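Engineer: Here is my input; please provide its structure:
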Amino acid sequence: MAPEHPKESHQMDHDAQPPPPSSKSVVKDAKKKKDEKKDEDLSEEDQALKQQLELYVERVQDVDPAIQKVALEAMREEIRTATSSMTSVPKPLKFLRPHYGALKSYYEKMVNAELKRYLADVISVLALTMSEDGDRESLCFRLQGSVGDIGSWGHEYVRNLAGEIGNEFQQRQIEEQPVDDLMDLVKQIVPFHVKHNAEPEAVDLLMEVESLDLLVEHIDKGNYKRTCSYLTSFASYVPEPDDTLVLDIAYQLYCKFEKYPDALRVALRMDNTQYVKSIFAACKDFSEKQQLCYILARQGISLDLDGELADSNEQRDILQELISNSKLSEGYLTLARDLDVMEPKTPDDIYKAHLIDGRASAGASVDSARQNLAATFVNAFVNAGFGQDKLMTVPSTESLTGSSSGSWLFKNKEHGKASAAASLGLIALWDVDGGLPLVDKYLYSNDNHVIAGALLAVGIVNCGVHNECDPAYALLCESVNKEDPTTRIGAIMGLGLAYAGSQREEVLKLLTPIVHDFKVGIEVAGFAALSLGLVYVGSCNEDVAQSIILALMDRSEAELGEPLAHFLCLGLGLLYLGKQDAVDATMEVAKTLHEKISKFCQVTLDSCAYAGTGNVLKVQAFLSLCGDHLEKGDSHQAPAVLGIALVAMAEELGLDMAIRSLEHLLQYGEQNIRRAVPLALGILSISNPKISVMDTLSRLSHDTDSEVAMAATVSLGIIGAGTNNARIAGMLRNLSSYYYKDPSLLFCVRIAQGLVHMGKGLLTLNPYHSDRFMLSNVALAGLISFLHGSLDMKSIILGKYHYVLYFLVLAIQPRMLITLDENLKPLSVPVRVGQAVDVVGQAGRPKTITGFQTHTTPVLLATGDRAELATEKYIPLSSVLEGFVILKLNPDYQQDHLSS
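Structural biologist: So this is what the prediction gives:
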């Protein structure tokens with residue numbers, strides 16, 4: 001307490017001997033009284049500070065420069081020491097506010113250059129709380145003030161300056177004035193932000209002044225992770241072409257700190273093959289190279305490693321095998337054994353008819369071809385990739401003629417046999433060596449439908465994996481030009497699935513003639529165009545585009561009216577998948593096509609080219625298309641509805657907004673729009689059963705319009721794909737009893753049941769992976785093909801082209817995390833799996849997952865889950881724990897006697 005007394009006595013003295021009153025001081029007193037009331041009587045310290053500052057203000061306006069200088073320095077000191085608090089306006093600024101105008105007008109009259117700069121600094125800081133919006137006075141006086149040391153005025157001041165610089169920069173750009181003085185300030189502010197853990201603000205400022213490349217030199221080992229996570233996550237919200245610039249800086253930073261797996265993800269996101277190669281060349285650690293190969297395989301990129309990219313031939317073979325994804329089947333079965341789900345399931349295990357009230361089971365005993373076809377699909381989806389089931393792969397010892405597996409096949413009618421034979425491919429998915437012998441015997445059948453199915457099965461088995469013997473092309477190339485259209489479609493679709501995304505020249509040469517041979521039926525040409533679109537997905541290949549456009553020009557009006565003519569447009573669209581404005585030239589040509597298909601073609605091109613980009617303007621354009629009330633014959637609104645979903649699926653915010661917009665379309669849209677809305681909802685929350693979407697679809701599945709109901713039912717399967725979601729499974733069981741008399745709708749219910757239990761709950765259809773950072777083009781292309789097939793349920797999926805369902809195979813991936821040691825053998829370690837939390841731009845080291853459970857690998861990851869190692873014994877080579885992750889022993893690890 002002691003030191004307080006002198007102050008108090010000094011204060012009393014002050015009160016005891018008032019200065020002689022002058023007119024000025026009377027006004028001041030009145031003002032002071034008001035102020036005191038307002039501030040509820042300032043504490044004595046504040047009172048002293050206030051008078052002190054008022055004295056300084058008077059002294060600054062003194063005639064003697066020496067006194068001015070002392071006063072200015074004292075004032076600066078007061079302000080500097082007070083700006084440390086973040087919560088309230090610092091007291092000196094508060095007390096100096098009334099004098100802001102006086103100081104400004106005195107500044108204009110000052111002569112001494114050095115003192116003028118000093119005062120400019122002070123006024124600049126005062127402007128922080130005083131200047132009007134849009135005046136940018138703080139910046140204006142800062143530029144006239146002394147050079148250097150901005151940071152000492154406190155964070156808030158620097159942030160305010162950064163904001164004003166951004167506005168001023170835009171203003172000067174418009175007026176074409178020089179910006180060098182602003183850039184000098186920026187070069188002081190950026191290091192300050194980076195040093196004080198405000199990397200996002202540094203990035204924002206550099207974006208405003210269009211010089212993001214200055215960032216690289218300021219980032220160090222301690223803060224590159226936070227900076228890059230900010231850059232990569234806000235790239236989704238930046239308009240094109242700036243998004244590529246932002247990702248490019250992230251790529252440079254990752255390479256600078258030798259984080260090659262992260263750099264590779266960014267390079268793949270930018271779709272830059274040159275970068276991918278330079279990462280391989282720069283990466284020297286063999287284990288890390290193997291991890292890079294696993295990432296490439298997951299994205300479905302086939303890269304040929306030449307001498308420079310691998311050290312020895314032996315290493316090259318190992319890496320090439322990993323890129324070919326041939327280990328996928330093995331890893332998936334390891335997961336299945338670990339979770340003990342190897343036992344094959346029958347369709348009846350999925351339908352669970354005993355849980356439904358009486359009436360449906362009576363109708364179900366009839367052995368109809370359509371029900372058997374549904375069972376074929378359910379069986380294939382549920383046992384996908386397991387290599388065994390109870391319908392198609394039953395060993396032939398059970399009957400002497402060896403026809404037991406055939407017996408199920410022949411319970412299907414004509415084109416049903418094609419899907420049944422093809423289902424073998426799905427059962428043996430990714431296992432080329434084990435799957436082809438199963439399919440082989442059907443290739444020599446007398447029945448064209450069976451041959452077509454077997455050819456398709458060959459394509460499905462090779463989907464997503466590349467075998468060194470390349471069996472798919474050898475087995476399929478001859479059948480492409482057979483007489484029978486069914487066989488041709490089987491072979492063509494098989495090639496499309498087996499070589500999706502590989503850009504194989506041979507396939508191009510084989511299929512192009514079929515596309516523009518107008519003697520060929522439109523359905524064969526449609527499938528050929530679609531397969532070319534899949535093989536050359538996102539490549540903007542001129543030759544393919546030209547041949548498809550020629551085909552569209554040559555066909556008659558009647559043929560263009562067929563449902564499968566739309567596949568020609570879709571094949572064309574897939575060439576430009578995600579390529580944005582590269583589609584413009586083709587778009588102009590599409591406008592000249594026959595009016596019957598021109599609009600459909602334009603919308604399909606647009607929706608594919610901007611898929612996964614989050615481009616808001618495109619979403620608006622699609623919405624306005626959906627607002628038109630048209631004549632009956634128009635079909636271009638349905639792909640526009642899908643377009644909304646495809647464009648908006650890029651990031652979470654847009655996704656939620658799109659779901660809301662689709663709700664409006666349901667209420668106000670015409671019938672042909674309502675039929676596409678359920679499918680759009682399905683793709684927005686694919687393999688991610690959100691309750692709100694689920695309820696909407698459940699409501700629509702009882703819609704009076706049977707096509708809306710069918711689309712909604714299939715979409716329930718898509719949003720629950722591979723999740724075993726009990727709520728959806730229950731809804732579908734109820735639907736199966738509700739629709740037991742309607743074979744078409746019952747077929748859709750069965751398909752949905754098969755999807756929900758896909759791979760016994762170990763698979764996903766989500767085209768996004770690596771923490772939703774990367775979009776697999778091939779997977780998205782498969783989904784779009786399936787959705788376009790579903791737009792016309794009656795003539796395609798319920799007609800004789802139900803094998804369009806197999807396009808989903810392109811998107812099927814195990815939702816697993818398998819950890820491997822450096823010899824690529826599975827290694828069980830504890831991991832925490834929980835809901836991912838977005839921690840971009842947050843201070844400190846916040847937890848990245850919430851509500852986690854600890855498991856040992858291999859583990860399943862649901863959509864929106866994230867895993868992290870629960871042990872420090874190993875270091876993962878990839879920062880995102882998904883798919884195959886190689887672990888290295890941590891050299892600094894100390895075994896704790898408790899942990900043993």
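
Engineer: Going by C-alpha atoms from here, please, whenever you check contacts or count neighbours.
Structural biologist: OK.

Engineer: Next, count neighbours for the nearest residue in space to Gly459 that is not next to it in sequence.
Structural biologist: Spatially, and ignoring its direct neighbours in sequence, Gly459 is nearest to Gly494 (3.8 Å; CA to CA, 6 or more residues apart in numbering). Residues near Gly494, counting by other CA atoms under 10 Å, number 34.

Engineer: need the next SSE after whatever helix or strand Gly494 lives in, C-terminal direction.
Structural biologist: Using DSSP states H and E, Gly494 sits within helix 485-498. The helix or strand immediately downstream of helix 485-498 is helix 505-515, counting by DSSP H and E.

Engineer: Name the residues of that next one that come out as buried.
Structural biologist: Of all the residues in helix 505-515, those buried under the rule 16 or more other CA atoms under 10 Å are 507-508, 510-512, 514-515.

Engineer: which one of those is nearest Leu96?
Structural biologist: Leu508 (76.7 Å; CA to CA).

Engineer: what does the model give that closest one for pLDDT?
Structural biologist: In the predicted model, Leu508 carries a pLDDT score of 89.

Engineer: Setting aside sequence neighbours, what's the nearest residue to it?
Structural biologist: Closest residue to Leu508 apart from its sequence neighbours, by CA to CA, 6+ apart: Leu532 at 6.8 Å.

Engineer: Shouldn't Ile886 be within a strand?
Structural biologist: Yes - with DSSP: H, G, I helix; E, B strand; the rest coil as the criterion, Ile886 is located in a strand.

Engineer: what sits against it?
Structural biologist: Counting by CA atoms under 8 Å, 6 or more residues apart in numbering, Ile886 touches 287, 291, 819-822, 824, 876-878.

Engineer: Can you tell me, leaving aside adjacent residues, what's nearest to it?
Structural biologist: Closest to Ile886 by CA to CA, 6+ apart is Leu820, at 4.7 Å.

Engineer: wait, that neighbour sits on Pro826?
Structural biologist: Yes - Leu820 lies in contact with Pro826 (CA atoms under 8 Å); the separation is 4.4 Å.

Engineer: which neighbours do the two share?
Structural biologist: Counting by CA under 8 Å, 6+ apart, Leu820 and Pro826 have no common neighbour.

Engineer: burial count for the residue nearest to Leu508?
Structural biologist: 35.

Engineer: Same question for Phe381.
Structural biologist: 29.

Engineer: ok, now how distant is it from Pro347?
Structural biologist: 10 Å (CA to CA, to the nearest Å).

Engineer: what comes into contact with the host helix or strand of Leu115?
Structural biologist: Leu115 belongs to helix 113-130 when assigned by DSSP H and E. The contact list for helix 113-130 (CA under 8 Å, 6+ apart) reads 65, 68-69, 72, 75-76, 93, 96-97, 100, 103-104, 107, 110, 137-142, 144-146, 153, 157, 160.

Engineer: what about the stretch 1-150 of the chain, any weak spots by pLDDT?
Structural biologist: Applying pLDDT under 70 to the stretch 1-150 of the chain flags the ranges 1-41, 83-88, 131, 134, 148.

Engineer: now the chain
Structural biologist: 1-41, 83-88, 131, 134, 148, 307, 357-367, 395-406, 631-634, 896-900.

Engineer: tell me the contacts of Asp431?
Structural biologist: Applying CA under 8 Å, 6+ apart, we find Asp431 in contact with 326, 329, 385, 387, 461-462.
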